[in-house]
Structure formats: C-alpha cells, structure tokens
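Student: Below are the sequence and a predicted model for it; my questions follow.
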Amino acid sequence: MDEKEIKIIVDKIKAVESEVSKAIIGQRDVIRQVLIAVFTGGNVLLEGAPGLGKTQLVKTLSKVMNLSFSRIQFTPDLMPADVVGTNIIMKDEKGNSRFEFQYGPIFANLVLADEINRATPKTQSALLEAMQEHTVTVGNNTYKLSEPFMVLATQNPLENEGTYPLPEAQLDRFLFKLMVPYPNLQELKGIIGVTVNSEPIELNKVIDRSKILEIRDVLKKVPMSKAVEEYALKIVLATHGDYEKAPELTKKYIRYGASPRAAQTIISTAKVRAVMEGRYNVAFEDIKYVAHAALRHRFFMNFDAVADGITAEEIIDQILISQLDKV
Amino acid sequence: MENSYKKIKSILRKVQRWLLLKAILRNTTLGICVAITLAIFIILLSRIIPIYKVYDICIYLGGIVLALAIVLAIVLPLKLKNVAKCVDTLGLAERITTALELKDRSSIYKEPLVQDAVVNLGKLNYKQKIPLLPNKKILLAILLLTILFCGAMLLPDPLKDKAQQIHDLKVYKNQEEKKVVKAQKEVKEDKALNLEEKKDLLAKLDALKKEVKLAESNKEVDKAIEKTAKKLEQAIDQTLPEDVKKLSETLSEAQETKKLGEAIKSGQMEDIQKQLEGMKSSAKSMDPAAKKSLEDTLSKASSAMNSGDLKDSIDELNSALSSGDDNAITKSVDSVKGAVKSGLSTQGKNKALAQAQSNLQEGQNPSGQAQGTGQGEGQGTGQGQGTGQGQGSGSGAGQGTGQGQGPGGSGAGNGSGSGDSGVTPYSSGGIANKAATPGQEKEYEKVFTPSSLGGQGQTSQLTGKNNGNSGSSESSISDDANATLGQLTPYNQVVGDYSEKAMENMNNAGIPSGMEDIVKGYFTSLND
C-alpha cells in the first residue's frame, strides 16, 4: 500500500463524514466518534436527551454506508426472542410441521437499540453474544451475523424511573459511550433549516460494506510509537486506585478500574482517529481524543464521588494530564 | 527511503546543536543564580563565623558552579531520539519519533509516514519555536540576587581580623607540624639511637604535635616547641663525650699513645680495640721509663677529665700499670674500652638529639615570638634569683603591667612586690641572659646547686620570728669532713629541671588558666 491508497482511504472516510453531516447538523464530534467506532468495529452507547438526533444519526449512517439497518425500541415487556429471533413451527407443502428460525431485528449491519435501559436485564443480555462475538445462538443453532455488525444503543439520562441500568459486563462491550450534547443556537437554526423549511435531503451512498471491512484491516496497521503506546496503557492503569502512579482523584473516587478492553479500545480507535486527521502515525492527541469516550463507562466510582459531585470526565482529565508527565 | 532518513537526521542534528546552545545558556544562567546565592550565604556566614578571604571563596565557588553547569550541558547533550521527541512536541504529532522507530521495521505506512515526517520537519522553524534566551523569571532572579549580593557586601565585617589571625595560626601550625614530622622521620632513620631511645623521642615529638594542634595562638605553639626542644637539650649528656675528646687529645700529644689517641679521635672501635690490645701486651715488657711516661700521660688525661666512668677506668689503668699486675691491667684496659665505647655511643645520641632540636627550632626567632596587643594588670607569685648573691627564694605578691607587640617583637614590663626576697621582673632579663655568639652554642652561667650534706649528725629545730612572721627552720650538722654543700651547675640545667617540674605540676594541679600563662611566661623568660 502506498501513500496514494492511504490517501484514498482518508478521502473516503472524510466523504462519509461530510455526507453524514448533511443530515445531522452539529454534533461533529459525535459523528466523528461514531465513524471511528464503525471503522474500528465496535458498538456505541449514545446517551442524550430525547430529540437530539441519535436515531437520525444511525439511520443516516446506514444510508450513507449502504448498510442494512434495524431499530429495536426497548421496552420493559420486550423479550429476548423479539431481539434475536425465534424458532417457529412451519408447515411445508406436504403438510409436515417443522421448526424454522425466524430472524430477529438483530440480523442487520447497524442495529439501533433505542432506549436500551428500558428493557429488562434478560433482554439486555440477549445482546451480549451478538455485540461481542457477532453471533446469535438460538436453541442449538448458532447464527453468524453479517459483517460489519454494530449495535448503536441509546439511553435517556433523564427518565430513570422504570429503567434497568446496564450491567458492567454489558457496558464493557460498548467501544464508546458518547454523550450527545444539546445543539447551540447556530446548530439549532441549521436543524430547523434542514428539517422544517426545506425538502428532505438526498443522501448518497459513499461506501459499501466490503470497503468498510477493507478499511478496517488497513487502519489496524497504523504505526504507533512506543511512548504513545505506553501512554495509552498507563492511562488505563491509572484508573485503578492501587496503581502507584494513579492520580489522587482515582485513588479517592474509583471503586473499579477499567478492564484491558479499555486499552484495546483506546489504541485501536486512536489509530483510526490518526488517519482521519490525515496522519500516518498515532499521536498523543489521538489518545487524548478517544480516551473520554473509551473510558467514561468502564470504571465505576464510589459513593464519595457522587457525594462530592465528581464526574467521570474530571477524573479522566486528571488521568490524562498526570500520565503524560510520566511518559 | 534512506535519503529521507538522512534528511530527518540531518535536520535533527541541527536542532540538537541549537538545543545544546540553549542548554549552555540555560545552565549558565542557572549556575549564576546558584553561585550568587552561595556567595550571599557565605558572605552572611562570614559575619557570624570568621571566614578567611571570604570574597576569594565566593569567586572560587562561583567559578566551580559555573564551570560545572557549562560542562554538564556539553557533556550530557540530548540524544537524537530525545531531540526527535522534543521536535514532536513542536506540533509534529509524534511523526518523527514514530518514523525513527519504524526505520528497521516493515510497515505499509513506513514510506508515507517518513515522507510526511520529512515534509513537516522541513517546514519546522525550530529557531523560532525554541527560543535561546533563558526564561525571564531566571533573569529576574539573577537581577534580584545581584542586588542582594551587593547589599551583603556592604555589611560590616567585624570578624575579618579574627579570620586573618586564625588563618595565620593555621599556617603557622602546619609549618611547625611539618618540622615535627621531619624531626620524627630523622629520628626513625637515625642509626645512633637504640629502639628505646627512639621510642622515647618519638613519644615526645608526638606529644608536641598534639600540643601544636591544640594550640590556640602562635605563642602557645612556640612555647610547646621550646619546651620540647629544651627537653631534648636536657637529654644531651656532654660529659662523657667531652671526656673521650680530652682523652684522645691528651693521648695524641704523647708519642707512645699517639696512635691510640688518633684511633679514639677517629671513633673506629676496631682501631681503638687494636691499640688497647697493643698497649696491654706492651705494658708487660715495657721499660720503667716508658711506663713512667705512659703513667704521666694517663694521669694528665685523667686530670683533664671531669668525672665519671672513663676517668675512673683511666685511673684504674694507671694504678694497674704502677702495680704491674697483669690481671689488673687486662681488666682496666677492658674497662677503658667499655667507657670509650659508651662515650662514642653517647656522642652519636647527642648528635641525634641536637639534630632533632635544631629541626624543631629551625627558622624560629631565638628571642621568642610575642603576640597580642593591649595592656594588663595582674597579681601573682614569683620566685627570683639574684646574681652574685648565692641563692635566694621567696614568695611575694606583686602587681605588674606589661605590653607586648607583634610576633618576634619587643616586650617591656615592670613590677613591684613585697616579700621576703627575690622578686625578679623576668621580662627584663636574668642570669641566663647571655646572647650566644655566632657559631657557638649558648653559654650559660653556672649557679650553685645545693646538695644534701653527707653523713648523719645531730638535728635541731629552730623557731624564729621575723617581721612578725613566724616560721621554723631545720638544720643538720654533719660529721663528714669531706661533705660539700653543693656544686656549680650550668644555669640551663637547673632552670630546665625547675621548668619541667613546674610544667608537670601544672598539668596535675588545679591552677587557674590565667595563672598558667604567667607561670609559663616566667619560665620561658628565665631562658631568654
């Protein structure tokens, strides 16, 4: 692969980003981070108030990337079979009965798990295998999901009544947890302009699934200097209170630190981010860029943190600063 | 690809040189800061503790700190890898570090990455992004420290003279210690001294070294040296060597004993032995005239001698010759041989002692050194001796004033007191005050030293009254007709004994420290 080919990839990614931005006004960082997750091959948890364009973002992505899309609205009465599918009795032409697997909505490239925290833990956990292994097992049969596969789940931070917070094991399976911010005045004007005052925007299919898989392979090989790699690993270690070089906030407020998946996530997503920035190597700034999204749902704070009003963002900021000095 | 790496390295080397220049300037300014801080500290310290040549110390220390700072910057330059890291922080986003790490690895990104690194590195204006001038805060600190330094210099330095004195004392002590060490070395190497004598001498010199070390003034150093020199002088026994000398001179004058005389003069024991053996064998067959002549020579030699073993053995030989007893002659010749040998040995020891003494007193002012300024009044007890008046001693209270000036300078004093006898203003000189003529040893006047009367006799107790003071005296009457009341002994021997006793007693007795100086001064002056 030469410089030109890499340039083509970069241009492709930028084209996707630009096309998505036509339908989603503002939210530049969210779009970019979702694209990083797409090209890394991971699931994303989007948290934000209703009406901020989370569902729209996923729909747009599926259109621009020419991927199959399904949406599952999670409710307390949603059953696992409603997600993964089930065996139903079918009669053939001769009148004989047989079980036939009815594919659930999980069988799509992009799955929007809307308001995931409203479903019961049983249903939530039905997603675990699909999210991690990209397979679905029903009865004795295991079905492979079509690649690229990714779950984009949303949750509403406001209405907590009647919700089931996601278990730690499931949270860890999300590559990123993205906070969808409220748009500013300019962005709001843009949203109104696009959605109310004008015709619906026609989106182009910029990329297809085979190209996405090809790009993923290429992006995995982006080089990273030892110092940058060390920095990424130290950041993850610094989420553990028993790590000697962990900052004070970690020692005081973190109950459980991030798992090794966090390190994998930071390094792999930083590589994608570097290429999106037009570079052929990972820099410290790439690590810093992806660290918040990769870590904020992977460590768990104690009651003191809640009592003192300490947020995960503050802790991550301190970790990023403290570990940079030690590289 | 190789060319691209060469380009990267070439640019990095330029940056490296630039960083070295920056490091030198930074270290220099930091060094100046440290040096000025140190200098201020030392100057302030010198106002509390006497420090000799404080500004010279500041200059030396400052110079060392600066030199260290610059040398460190030069000796520990940034490696190329670290330069790459530094360059990456200037907006190159780890391009250079990653490119260098990829050099020996294969990657599909290697070529585009290296090209990208070269382009971005070429665009980098490192001279602008890495300013040479040190941090403004450091420059400000230098300015403030300089002001403080000038302020500290303006502070009065009341301890300057004291520091000078301490330094001078230290130098003087070092100089004197070297002399002692030299004397010790010579004593160790001296073959004329036996092991016991060497040990004794070395112990004395060791004690002197300790005293010199503990001395708190030049005067004390001088006194310690003088005391030891005197001890050495007292250890010199001139009697026997002089007798040997006189014997050799007398024997050389007579024809028949000329060879023996010359052999004694040469100090060769083998020759002496040979000549004595010859004398022993010839005495048996000697004609009466020759015998008479030999006896006369021996009598003359004996009368020239002072006293002691040699004189006795010569007399013994003379008697043996007169009697003609062969056994007596053999025995007396052996006795003479032994005495001569002993005399020659003592001569060697004397030379060693004299050499050690001369080493110690080398370069010293014979009249002593005085130090100190000021005037003082004091009271004390004293003993005095009068010239031509036989002997006198007594005690009395006196008041005196004295003045002294500089090392080796002059001193003057006067005093008066009341008492039964003998108040001697010792600074004005006494019996021993005879200057040595150049090339000759100092000659001391002889004083009468009483000795106990021989024999037993009646003892009577007398009680008397004088000036209202009562006292008792003890007298004895001897029956021994040959008893002598005493003899004339060189002044220095008498005073030496007194001095030694006084110094020993001073160490044991609880004498006030102020009085110690007075006593020491008294005995020192007696020797002047």
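Tutor: That came in fine, so what should we check first? Numbering: from 1, shown residues only, chains lettered A, B, ... in the order given.

Student: Is chain B within reach of the helix or strand where A:Ala37 lies?
Tutor: Here A:Ala37, judged by DSSP states H and E, is contained in helix A:28-40. No: Helix A:28-40 is not in contact with chain B by CB under 8 Å from any CB of the partner chain; minimum separation 15.7 Å. (Each C-beta comes from the backbone N, C-alpha and C, glycine too.)

Student: got the angle for whatever helix or strand comes next after that helix vs helix A:28-40?
Tutor: Sequence-wise, the next helix or strand downstream of helix A:28-40 (DSSP H and E) is strand A:43-47. Between strand A:43-47 and helix A:28-40, the angle comes out at 160 degrees (axes from the mean of the first three to the mean of the last three CA atoms, to 10 degrees).

Student: Can you name every helix or strand that strand A:43-47 contacts?
Tutor: On a contact count with 3 or more CB pairs under 8 Å, 6 or more residues apart in numbering or on different chains; DSSP states H and E, strand A:43-47 meets helix A:28-40, strand A:150-155, strand A:174-179.

Student: rewinding a little: how about the helix holding A:Ala37: buried residues?
Tutor: Neighbour-count burial for helix A:28-40 flags A:30-40 (criterion: 16 or more other CB atoms under 10 Å in any protein chain shown).

Student: check contacts around the residue lying closest to B:Glu262 once chain neighbours are set aside.
Tutor: What sits nearest to B:Glu262 in space, not counting adjacent residues and going by CB to CB, 6 or more residues apart in numbering or on different chains, is B:Ser252, at 5.9 Å. With contact set as CB atoms under 8 Å, 6 or more residues apart in numbering or on different chains, B:Ser252 has these partners: B:258, B:261-262, B:265.

Student: can you tell me which of the residues you listed lies nearest to chain A?
Tutor: Taking CB to the nearest CB as the measure, B:Lys265 is the one of those closest to chain A, at 91.9 Å.

Student: Out of the buried residues of helix A:28-40, flag the one nearest to chain B.
Tutor: Nearest to chain B among the buried residues of helix A:28-40: A:Phe39, at 15.7 Å, using CB to the nearest CB.

Student: Could you give the separation of the helix or strand bottoming out on mean pLDDT in chain A from the chain centroid?
Tutor: Across the helices and strands of chain A, the lowest-confidence element by mean pLDDT, DSSP states H and E is helix A:185-195, at a mean of 79. Average the C-alpha atoms of helix A:185-195, do the same for its chain, and the two points are 25 Å apart (CA atoms, centre = their mean, to the nearest Å).

Student: who does it touch, helix- and strand-wise?
Tutor: Helix A:185-195 packs on no helix or strand, going by 3+ CB pairs under 8 Å, 6+ apart.

Student: Give me the contact list for the next helix or strand after it.
Tutor: Under the assignment DSSP H and E, the closest C-terminal helix or strand after helix A:185-195 is helix A:209-219. Residues external to helix A:209-219 that are found in contact with it (CB under 8 Å, 6+ apart): A:1, A:6, A:9, A:12-13, A:38-41, A:65-67, A:109, A:146-148, A:207, A:271-272, A:275, B:108.

Student: about what we covered before: just the pLDDT for the residue nearest to B:Glu262.
Tutor: Here the pLDDT value assigned to B:Ser252 is 84.

Student: and the gap between it and chain A?
Tutor: Per CB to the nearest CB, to the nearest Å, B:Ser252 is found 99 Å from chain A.

Student: Tell me the buried residues in the helix or strand hosting that residue?
Tutor: Using DSSP H and E, B:Ser252 falls within helix B:239-253. Judged by neighbour count (16+ other CB under 10 Å), helix B:239-253 contains these buried residues: B:239-248, B:250-252.

Student: Now render these as CSV, adding distance to A:Pro200.
Tutor: Converted to CSV, the buried residues of helix B:239-253 look like this (distance: CB to CB, whole Å):
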residue, distance to A:Pro200
B:Thr239, 140
B:Leu240, 139
B:Pro241, 137
B:Glu242, 141
B:Asp243, 144
B:Val244, 141
B:Lys245, 142
B:Lys246, 146
B:Leu247, 147
B:Ser248, 145
B:Thr250, 151
B:Leu251, 150
B:Ser252, 149
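
Student: Report whether the helix of greatest length in chain A contacts chain B.
Tutor: As assigned by DSSP state H, the longest helix anywhere in chain A is helix A:3-23. Yes: contact of helix A:3-23 with chain B is found when judged by CB under 8 Å from any CB, involving A:3, A:6.

Student: can you pull the buried residues of that helix?
Tutor: In terms of neighbour count (16+ other CB under 10 Å), helix A:3-23 has its buried residues at A:6, A:9-10, A:12-13, A:16-17, A:19-21, A:23.

Student: got TSV for those, with pLDDT and distance to B:Gly521 too?
Tutor: Listed next are these as TSV, based on pLDDT from 0 to 100; distance: CB to CB, whole Å:
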residue	pLDDT	distance to B:Gly521
A:Ile6	80	101
A:Ile9	86	104
A:Val10	84	102
A:Lys12	88	108
A:Ile13	88	104
A:Val16	90	108
A:Glu17	89	105
A:Glu19	89	112
A:Val20	88	109
A:Ser21	87	107
A:Ala23	81	113
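
Student: List just the nearest of those to chain B.
Tutor: The closest of the buried residues of helix A:3-23 to chain B turns out to be A:Ile6 (CB to the nearest CB; 5.6 Å).

Student: My guess is the closest one contacts A:Arg279. True?
Tutor: No: with contact defined as CB atoms under 8 Å, A:Ile6 does not reach A:Arg279; the gap is 10.2 Å.
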